[in-house]
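Asks: I'd like to go over a predicted model; first the sequence, then the structure.
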Amino acid sequence: MTDASAPFAPATPSFMLHPGAPGSPVILHVPHSARAIPADVRAGIVLDDRALEAELDHITDAYTAEIAAAAARAARLTPWRFVNRLSRLVVDPERFPDEREEMLAVGMGAVYTRTTHREELRPAGTDAEPLIGRYFRPYAEAMTSAVADRLEAAGRAVIVDVHSYPAKALPYELHGDGPRPPICLGTDSFHTSAPLLDAARRAFAGFGGTGLDSPFAGTYVPLRYYGKDPRVGALMVEIRRDLYLDERGEPLGRGVEALSGALAGLVAEISG
């Protein structure tokens with residue numbers, strides 16, 4: 001487990017694109033798996049170290065990077081992987097960076113000012129722009145380029161957004177009163193095709209059921225393509241954490257292996 005207060009070397013990329021097979025259209029996108037926070041960013045967070053570690057336990061999609069990596073190794077045609085190496089408490093690359101973002105209502109836009117329990121994370125009036133410029137925009141540009149490369153190489157791109165979520169709703173959730181299935185599939189009316197959705201349902205059929213867009217809806221598509229280019233497919237896979245983590249947040253039995261296998265199956269089916 002990464003020390004949240006440890007420095008993050010400036011020369012170290014804050015995200016990583018792991019190459020896949022040249023002809024693969026699939027990008028496994030893992031935005032929320034890391035806990036690392038650069039020291040200068042940590043200085044702007046008001047929580048003490050103990051409270052920050054607890055918040056990271058709540059907000060981090062633990063082991064989703066490992067699930068995606070194992071799926072990539074098992075897949076017949078290796079998918080590409082775009083992995084955030086910093087905590088979403090630095091910036092959340094999946095939020096809109098402006099007033100379009102509904103999570104601004106609970107202080108959790110692209111730069112969070114409130115915690116999962118709606119307590120202060122950063123001081124009121126914090127200027128989000130420095131973090132957006134330093135981290136959010138380069139991430140968005142790199143992800144856009146990754147999709148462009150898949151379109152050029154394979155004629156299409158399929159983004160599979162890999163997340164996890166807790167069995168019990170946290171106070172920040174705007175739609176936490178709905179169903180919490182073992183696997184929640186987040187969809188977009190333009191970018192999530194019926195065949196893609198059906199493939200995900202088949203791949204994850206053995207985990208006790210799948211549901212749509214509850215408690216989390218939608219999926220990530222770079223803004224250059226969002227609602228514009230039908231060659232870009234996208235689906236969010238939200239794994240309920242009790243499928244693979246124990247109460248301490250450690251891997252549970254063969255859960256990670258089983259989920260990686262299911263994800264590899266999905267990748268195989270949509271790779272063509």
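Replies: Received, thanks. Numbering: from 1, shown residues only.

Asks: hey, let's count contacts and neighbours off CA atoms from now on
Replies: Will do.

Asks: all helices of the stretch 101-250 of the chain, in order?
Replies: Along the stretch 101-250 of the chain, counting by DSSP state H, counting those that start in this stretch, helices occupy 129-131, 137-154, 194-203.

Asks: so which of those comes closest to L252?
Replies: helix 194-203 (20.2 Å; C-alpha to C-alpha).

Asks: helices or strands next to that closest one in the packing?
Replies: Under the contact criterion of 3 or more C-alpha pairs under 8 Å, 6 or more residues apart in numbering; DSSP states H and E, helix 194-203 touches strand 232-240, helix 255-271.

Asks: ok, and which of these has the densest surroundings?
Replies: strand 232-240 (a mean of 25; mean count of other C-alpha atoms under 10 Å).

Asks: List the neighbouring strands of that one plus their orientation.
Replies: strand 157-165 (parallel), strand 183-186 (antiparallel) (DSSP bridges).

Asks: Reformat the helices of the stretch 101-250 of the chain as CSV; add distance to L170, mean pLDDT and mean neighbour count.
Replies: Below are these laid out as CSV (distance: least, C-alpha to C-alpha, whole Å; pLDDT from 0 to 100; neighbours: other C-alpha atoms under 10 Å):
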stretch, distance to L170, mean pLDDT, mean neighbour count
helix 129-131, 25, 96, 13
helix 137-154, 27, 98, 17
helix 194-203, 26, 98, 16
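
Asks: related to what we said a few turns ago, now tabulate the strands paired with strand 232-240 in TSV and tack on mean neighbour count.
Replies: As requested, these are exported to TSV (neighbours: other C-alpha atoms under 10 Å):
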stretch	mean neighbour count
strand 157-165	25
strand 183-186	26
